[in-house]
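Q: A predicted structure for the sequence below; I have some questions about it.
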Amino acid sequence: MKRFLIGICLGFGIWSLGFAPSAEAVEHKWEVGQGTGLTTTEFVVKDARVGINAIRLAVDAGGNVGIGTTEPSAKLQIGSGSTGITINNSSYNIIGLNTANGADNSRLFITGGHNESWANGAVVELRGNEYASGTPDIEIRGGSNGGNVILQTNGTKILLVDSNIGIGTTNPTGKLQVTTLEGAAPSIFVKSDGNVGIGTTGPTATLQVNGRIKDKTGFVLPAGTIVAFGGATTPEGWLMCDGTSYLQSTYPDLYLAIGKAFGGDGSNFNVPDFRGRFLRGVDFPATGRDPESGSRTFEASGGNTGNNVGSVQLDDFKSHVHTTTPTNFFNTAYAQIPGAYGAGSSGTQPTSATGGIETRPVNAYVNYIIKY
């Protein structure tokens, strides 16, 4: 049978309550009373079992409550030293969760105010094992200067969120800025107008890339691409195919693609001159579709000749004849013309000239432009 025991020890200020179980059960014994012999504790709950004899809960004169500690330093402190949970109703309104010994080593830290420029703003900090000098791994702040979220490792900030979001930078100037190295040009930049820049902080279009774009098969519109363009003004990123000479250093990617195929000298190269010309595919490997490919000439001095990109041909008309066969002339006057056929003779004569000044199919004008 269980026995209920109550002991009153007035001289020591301790009230002892316990349950004395049967022999087969473990005895439990608690003592509740004043913290006699403790410097600050006014009220304690003590586990008085044999071999334990430990205070489990203490309340000091200031109203601080400690669980697992006899000297709580906050309104509620669970655990002793820097291990456990601390709730403090001071001017900072602090909640701390500690998991290791050591000064200033809180792992979770929540406060309603601070003594820096963002005073009176809420702060949440999550710190790792190496916290030593005010550099939490995750930090959320509020206050008069605007709230922010900081994610950092080894004291180096890798994510900052305030009115702008910075990844790899602590000073984002766009709505989103991703930087691989602090101080380096951003890899991704989103302006307040929604324009996105890759490799640029000043995108003027919905998406602007400071570099070449690849899909899964290769470059999209590589330098040297030639297209028919319906506008009169060359668009950004393109040059008119008008034979102009440029410095190689001005358009290095274009020069790498076409070289001096269309002419050039020294450090200059020419873009194609397709004004008034039809384009024809290079007959390589040879198919015989251009039987005179070997006689093709350069478009401009220094350009390619023969069966190569950039060579040109002048207009031509495939060799042929037109004849007429007059017979039985009886015109006496015609017969008297020197060299003419006589009366009753027969033979061939050329036809009269006809046509325009060139041979051409039906056509429409466009501008040819080349990607640089």
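A: That came in fine, so what should we check first? Numbering: from 1, shown residues only.
Q: C-alpha coordinates for stretch 215-224, PDB please?
A: The C-alpha trace of stretch 215-224 is given here as PDB (Å, rounded to 0.1, in the frame of the first residue of the first chain):
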ATOM      1  CA  ASP A 215      20.700  27.000 -75.700                       C
ATOM      2  CA  LYS A 216      21.300  23.200 -75.400                       C
ATOM      3  CA  THR A 217      22.800  23.100 -78.900                       C
ATOM      4  CA  GLY A 218      25.000  26.200 -78.900                       C
ATOM      5  CA  PHE A 219      24.900  29.900 -79.300                       C
ATOM      6  CA  VAL A 220      21.700  31.700 -80.200                       C
ATOM      7  CA  LEU A 221      22.400  34.100 -83.100                       C
ATOM      8  CA  PRO A 222      26.200  33.800 -83.100                       C
ATOM      9  CA  ALA A 223      28.300  36.600 -84.400                       C
ATOM     10  CA  GLY A 224      28.400  36.600 -88.200                       C
END
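Q: for that stretch, give the mean pLDDT please.
A: The average pLDDT within stretch 215-224 is 92.
Q: how about that stretch: buried residues?
A: Within stretch 215-224, the residues scored as buried using 16 or more other CB atoms under 10 Å are 223-224. Bear in mind the C-beta positions are built from the backbone N, C-alpha and C, glycine included.
Q: kindly report the same for stretch 66-75.
A: With burial defined by 16+ other CB under 10 Å, the residues of stretch 66-75 counted as buried are 66-70, 72, 74-75.
Q: got it, and stretch 236-248?
A: The neighbour-count check on stretch 236-248 (16+ other CB under 10 Å) flags 238-243, 246, 248 as buried.
Q: can you name the next helix or strand after the biggest helix by length in the chain?
A: Using DSSP state H, we find that the single longest helix of the chain is helix 252-258. Using DSSP states H and E, the helix or strand that follows helix 252-258 towards the C-terminus is strand 268-270.
Q: could you point out the helix or strand that follows that next one?
A: Next along from strand 268-270, by DSSP H and E: strand 297-298.
Q: what pairs with that next one, parallel or antiparallel?
A: strand 311-312 (antiparallel) (DSSP bridges).
Q: how about residues contacting the partner strand?
A: Strand 311-312 is contacted by residues 277, 296-299, 303-305 when judged by CB atoms under 8 Å, 6 or more residues apart in numbering.
Q: show me the contacts for the closest residue to residue 259 other than its chain neighbours.
A: Spatial nearest neighbour of residue 259, excluding adjacent residues (CB to CB, 6 or more residues apart in numbering): residue 269 at 6.7 Å. Contacts for residue 269 (CB under 8 Å, 6+ apart) come out as 245-246, 248, 255, 258-260, 262-263.
Q: which one of those is nearest residue 313?
A: residue 262 (14.6 Å; CB to CB).
Q: low-confidence stretches in the stretch 51-200 of the chain?
A: Along the stretch 51-200 of the chain, the model assigns pLDDT under 70 to residues 51, 80-84, 86-109, 111-122, 127-136, 141-147, 153-158, 182-183.
Q: break this structure down into its structural domains.
A: Segmentation of the chain into domains, based on automatic domain parsing, reads 1-71, 212-315, 321-351.
Q: tabulate those domains (a markdown table), appending distance to residue 173.
A: As requested, those are arranged in a markdown table below (distance: least, CB to CB, whole Å):
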| stretch | distance to residue 173 |
| --- | --- |
| domain 1-71 | 47 |
| domain 212-315 | 24 |
| domain 321-351 | 76 |
